[in-house]
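K.L.:
Take a look and give me a structure for this.
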Amino acid sequence: MFRMWAKIIKDNHLLRDTTICNDKDMTRTKKVLGAMDELCYEFDLGVPIWLDSNIADFKRNAKTRFRQESFIEHIDFDYLEIQVIEED
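P.N.:
A predicted model of the protein is given here:
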């Protein structure tokens with residue numbers, strides 16, 4: 001089972017969160033990108049751009065934060081944080 005937790009944070013307060021689950025036989029990259037699509041649809045957001053800093057953080061910690069510079073449109077929160085909480 002693959003599970004990713006996503007949180008929208010503003011002024012150090014949790015505004016929204018969700019957990020995306022995937023038990024299909026796919027590569028880790030496809031699971032992560034698929035979960036990103038699902039959570040952005042659920043949060044009604046455009047899919048953020050993966051900057052080099054996001055990729056490095058995600059490889060190192062299985063966690064990263066997307067701030068305004070990762071989004072094309074203006075966002076009403078400080079950052080979107082994603083974290084892989086379970087992998088098989």
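K.L.:
Okay, strands next: where are they in the chain?
P.N.:
Ranges of strands in the chain, per DSSP state E, are 2-10, 13-22, 63-66, 79-86.
K.L.:
The longest one: partners in the sheet, and parallel or antiparallel?
P.N.:
Sheet neighbours of strand 13-22, with direction, are listed as strand 2-10 (antiparallel) (DSSP bridges).
K.L.:
out of the strands of the chain, nearest to Pro48?
P.N.:
Nearest to Pro48, of all the strands of the chain, is strand 63-66, at 4.0 Å by CB to CB. (C-beta placed from N, C-alpha, C; glycine too.)
K.L.:
quick check: longest helix of the protein.
P.N.:
Ranked by residue count, the top helix of the chain under DSSP state H comes out as helix 28-43.
K.L.:
what does the average pLDDT come to for that one?
P.N.:
Taken as a whole, helix 28-43 carries a mean pLDDT of 95.
K.L.:
With stretch 78-88 instead?
P.N.:
Per-residue pLDDT values over stretch 78-88 give a mean of 94.
K.L.:
can you list the residues that contact that stretch?
P.N.:
Contacts with stretch 78-88, where a contact means CB atoms under 8 Å, 6 or more residues apart in numbering, come from 1-11, 19, 28, 32, 35-36, 39, 43, 45, 48, 58, 62-67.
K.L.:
Ok, stretch 13-21 next?
P.N.:
Contact with stretch 13-21 is made by 1-9, 35, 38-39, 42-43, 77, 85, as judged by CB under 8 Å, 6+ apart.
K.L.:
Closest to Asp23 out of the residues you listed?
P.N.:
Using CB to CB, the contacts of stretch 13-21 come closest to Asp23 at Met1, 5.2 Å.
K.L.:
do you know how far the residue of the chain most remote from its centre is from Met1?
P.N.:
Distance to the chain centre peaks in the chain at Asp25, reaching 20.2 Å (criterion: CA atoms, centre = their mean). Per CB to CB, to the nearest Å, Asp25 is found 12 Å from Met1.
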